[in-house]
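> Build me a structure from this.
(2 chains)
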Amino acid sequence: MKLFLKHVTRAMLRRPWRPLLLALTVTLAVALAMTATGLSVMLYDNALHNIRLKQEMGDIRITPRGDSGTRFLWSEDVENAVGEDGEVLGEFRLSGLALYEGEERLLTISALDLYEADRFFEFQYLAMGEFTTQNLSRAAIISESTAKTYGLRVGDILTVHLLQQDIAYTVQAIAKDTGALREAGMLISLSGVLMMLSEQLPVIGTFGDSDYPYTRLLVKADDPAKIPEILTRITSSDLFADKLVQHVDGAAELDFWLVMQLTVIFVVTLLLLMLCGVLMTGTLHMIHRQRAQEYALFRSIGATRRQIHAAVYMESGIIAFVGTVGGILLSLPMLLGVIGIYGWETSLARLALAALPMGICFPPLLTYLCTALHLRRADHLEVGRGEAATPLPRRAECTRKTVLLPLGLTLLFALLGILLPVKLRIFSMVALLFSQTWLIFLVTSLCLKGMARYLEKLLEHRDTRQGGWLLAIKGLHNHTAIRHIGRMLTVLCMLIATVVCCRHSLVQYFDILTGDAPFMMLTSSMSEELQESFEQDEAVTGVLQVTYVSGVALPNGGRATAISLSGDMGLWFDPALVPRHYPVGQELAISRGLATLAGVREGDTLTLVLDGVSHTFTVTEVMPIQPNFIYFDATALGIKHDLTCVGTADESAATVQRLQNMAEMGGSAILPLSALLGTGPETATSHLTLLRYALIIAALLSLVGCLNIVLEHLHERRGEGSILRLCGMTRGRLYLLYARELLLTLPVVLTVAATGTALLCLAVHFGVGSFGMVLFV
Amino acid sequence: MLIAKNLYKSYKNREILHDVSLAVKAGDFVSIMGESGSGKSTLLAVLAGNLAPDSGTVLLDGQDLAALSERDMAALRRTKLGFVYQSLNLIPTLTGRDNILLPLYLGGKRAGDAAEKLNELTELLGIAGVFDAFPAEMSGGEQQRVAIARSLLYDPAVLMLDEPTGSLDSASTRQVMELLTRINRELGVCVIQVTHSREAAAYGNRILTLVDGRISAQ
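From the prediction side, this is the model:
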């Protein structure tokens, strides 16, 4: 045992690159495994956090519907329905109406009766504000993100252009973006707003203290069990017949997004872990091949199998330990980086705790598993007959029979995907990804061998002078290690190419939505007069009215964005996204992904709930577009338009300012594109950044792994080199031989990898259909 | 034919060869003997041009091996010098036939160009049965005969063997040595072998003994 350990230590010191590269591979694998797991945990936590935040805003939410005759609500009506079973809070949201002086970004303000709001918000940030009667009308609580954006501190003065006048607010507190501050950047007292409003609109002054008009009402039940009963009482009232009364069931509302995000991350995590696994097993396989002879030698001098096993396991343990410690240390800044990308309030300790088991278990266990398998095989070797001496062609690593199992599984999972309901396809897709990768891994070897056999026969038959090529071909035919490098390269190329393709497709998808749109937008409060004046303005190239309903539930599960356009369609993000025949009346145009998810074709009917009202549509067009959009005719359904897009040929500051002034004079305001997209672009950028980092790490890991395998391979062939040199080969021609082997391998690697990438992309494309998404159009 | 003058070679401050000079004529069968560590294998490697001496010269047919470029040295190894080690002489991924034809492939010639020579060597060495076998499927004696066949493919002037029978049993040793004698006599190839076996050395017509890097007896 001592002797063996001494030998191992000396071998490590004499050729340190081998254990070092292996430890580096384990380090990167651990870091990748931990980061990927940490990210899954973080997304899960964030989703749960969102559910909680939504519930903080009350159990029931009442807002005007798209076709509501009046856009205001009175709390008294709801209080009568709720009775003693809960509390009612009225909120007056000034969304997109207030512009911070000197800034082009919008500030959404929420006005509440602050002293009544305590019960609704778990974080009790209102207590921090200390609003008093004296400062009530001029005090504000701002969210952390607002403070960060505008560089504000407590005590600073914030001038807001509100209700056609500049009003200075003093920042009383900076609170977390939760509760009401999740949807608004600034919180002010409703009483203060109403005092100002009453000056402009005397009718408001006639309302009693307890009967203000609100834009949204929130109900908090004393007992969650009473929520259905309260809900029934409110909806049965005629006063709310044209209002949207929603039970804020956070879990149900987020279910789809939670599953989608976690599944996507889960698949990416699994792919990355598979990459780690493939590299590590490949590296260990190459190293262990060389060691078999040593064990036989040690047995011949009296070492027992137990002693050899103990020493080999100890060696693996040392490498696994060093790699794991390095990986953990490396993963911490990576996890911090991920937290930074999303800016989420996730504790690093919580992340590390969740990710540590994966980091500690997966790569080291894989190292041990490979060692155990290797030792099991090495135990059967006779003394003096290591694997290097066995006739390689007779123990080919892959035959036609060995591909039958992965081929069968691939076909089975593909068939399952076709037969399963669309929303369950994601599961068959994950299994399909793995079986396909396994199949490609085996097939590459067969292809390389088949090609080498064909070329060998061809050259021998022709009896050519291409000795160098013939040697390279013979090496490829008979050398398992060359083919092993080939298949490793294939799988790595394929996995990286698939992730790159998916990323590219996602970038395209987000580019469509976040790219420069040829318009500015106005709020829904734009009057017909203002619209007319815009249409007549020389600088305006077109006006498009838009109704935007997000989160429309589909019959088979999944959500979509329903859009209604009216006017100059060319102003829409990308004219190619607009249906050929725009839907009229009860007609509907639907993206291909959503049509598949909903199980509808052209001519079928589809029932959707829009703004709380159920409508039955006839599908007139299935559009081959990437975004999961549904187009409908809002005017025919009596739903009012939310936004008006105004296109301008001249984007100079003077023109924009003139149009802004026109909008403000007409009681409206120009909104940036972000007002429509919400936090979508930021989230998309975060996801893509993360994907890019994952790709960089995977590429780095692949590089280290491949370098390790190639170095091992070259070392293994050192003896071969000296024989070739004795036979009259120069050093240069020896390198040329290796280059020729690589050149012969590359076309097969690239062809199989390209085919494999196409198959994997097809599987991903097939799987993401579960969310109504279309990755590759 | 092969002349070595005042060869010196050291390794890690240890002198391996000390002022070694020798001349080998065409048709000689030289056996170099000596204790382990006496410098026999180093001398053979220097004579074959596989190792550069610290000082001294090696001339093969009047050509100074040290003055040759790598390309010329490679060509020389292919055509004029045959070299066989004690073991691991063959490329494990090539069959017996391919191993024999290796110098031909490297010389950019067709397999057909050496068909006659291949038949001759096959008959001489009795290796027809291992043509399609891989090295791991051959016995030690067969591997050595294939390696010898490979080194004879180009009718070299000198065949050098480093312990050619070191890992063989007595029957195989006799077989290989008789073969080398036939090669020396029938083909006129000069044979230089390093051995510590007196029995094997006795096949040579000259025996050199090395002691601590010096030729002590001829």
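
> got any ranges where chain B has weak pLDDT?
Along chain B, segments meeting pLDDT under 70 span B:217-218.

> Okay, helices next: where are they in it?
When secondary structure is read from DSSP state H, chain B shows helices at B:40-47, B:70-79, B:96-106, B:115-125, B:140-152, B:170-182, B:198-201.

> possible to save those as TSV with mean neighbour count and distance to residue A:181?
C-beta here means a position set from N, CA and C on the backbone, and glycine is covered the same way. Putting these into TSV (neighbours: other C-beta atoms under 10 Å in any protein chain shown; distance: least, C-beta to C-beta, whole Å) gives the following:
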stretch	mean neighbour count	distance to residue A:181
helix B:40-47	23	83
helix B:70-79	18	76
helix B:96-106	25	78
helix B:115-125	15	89
helix B:140-152	24	82
helix B:170-182	17	91
helix B:198-201	16	95
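
> Quick one: those helices as JSON lines, columns for distance to residue B:2 too.
Putting the helices of chain B into JSON lines (distance: least, C-beta to C-beta, whole Å) gives the following:
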{"stretch": "helix B:40-47", "distance to residue B:2": "7"}
{"stretch": "helix B:70-79", "distance to residue B:2": "12"}
{"stretch": "helix B:96-106", "distance to residue B:2": "20"}
{"stretch": "helix B:115-125", "distance to residue B:2": "23"}
{"stretch": "helix B:140-152", "distance to residue B:2": "15"}
{"stretch": "helix B:170-182", "distance to residue B:2": "17"}
{"stretch": "helix B:198-201", "distance to residue B:2": "18"}
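
> quick one, which of those helices is nearest to residue A:58?
Within those, the stretch nearest residue A:58 is helix B:96-106; the backing value is 82.4 Å (C-beta to C-beta).

> residues contacting residue B:41?
Contacts of residue B:41 were listed using C-beta atoms under 8 Å, 6 or more residues apart in numbering or on different chains, and they are B:162-163, B:194.

> can you check residue B:179 too?
Counting by C-beta under 8 Å, 6+ apart, residue B:179 touches B:124-125, B:145, B:148.

> which of the residues you listed lies closest to chain A?
Proximity to chain A was ranked across the contacts of residue B:179 by C-beta to the nearest C-beta; first place goes to residue B:148, at 12.8 Å.

> Spatially nearest residue to that closest one, not counting backbone neighbours?
Taking C-beta to C-beta, 6 or more residues apart in numbering or on different chains as the measure, residue B:148 lies nearest to residue B:84, with 5.8 Å between them; neighbours along the chain are not counted.

> Distance-wise, check residue A:606 relative to chain B.
Between residue A:606 and chain B the computed distance is 64 Å (C-beta to the nearest C-beta, to the nearest Å).

> before we move on, what SS does that residue have?
Reducing the assignment at residue A:606 to three states with DSSP: H, G, I helix; E, B strand; the rest coil gives strand.

> Repeat that for residue A:49.
Under three-state DSSP, residue A:49 falls in the helix class.

> Could you list the low-confidence segments of the stretch 601-750 of chain A?
Regions of the stretch 601-750 of chain A meeting the criterion pLDDT under 70 cover residues A:612, A:640-642, A:667-683.

> Now residue B:138: phi and psi?
According to degrees, to the nearest 10, the main-chain angles of residue B:138 amount to phi -100, psi 160.

> contacting residues around the closest residue in space to it that isn't next to it in sequence?
If you skip the residues right next to it in sequence, residue B:138 has residue B:130 as its closest partner in space, 5.1 Å away by C-beta to C-beta, 6+ apart. If a contact means C-beta under 8 Å, 6+ apart, then residue B:130 has B:96, B:137-138, B:142, B:146 as its contacts.

> got a pLDDT number for the closest residue to residue A:309 other than its chain neighbours?
In space, and not counting its chain neighbours, residue A:309 is closest to residue A:375: 5.7 Å by C-beta to C-beta, 6+ apart. Each residue has a pLDDT score; the one for residue A:375 is 78.
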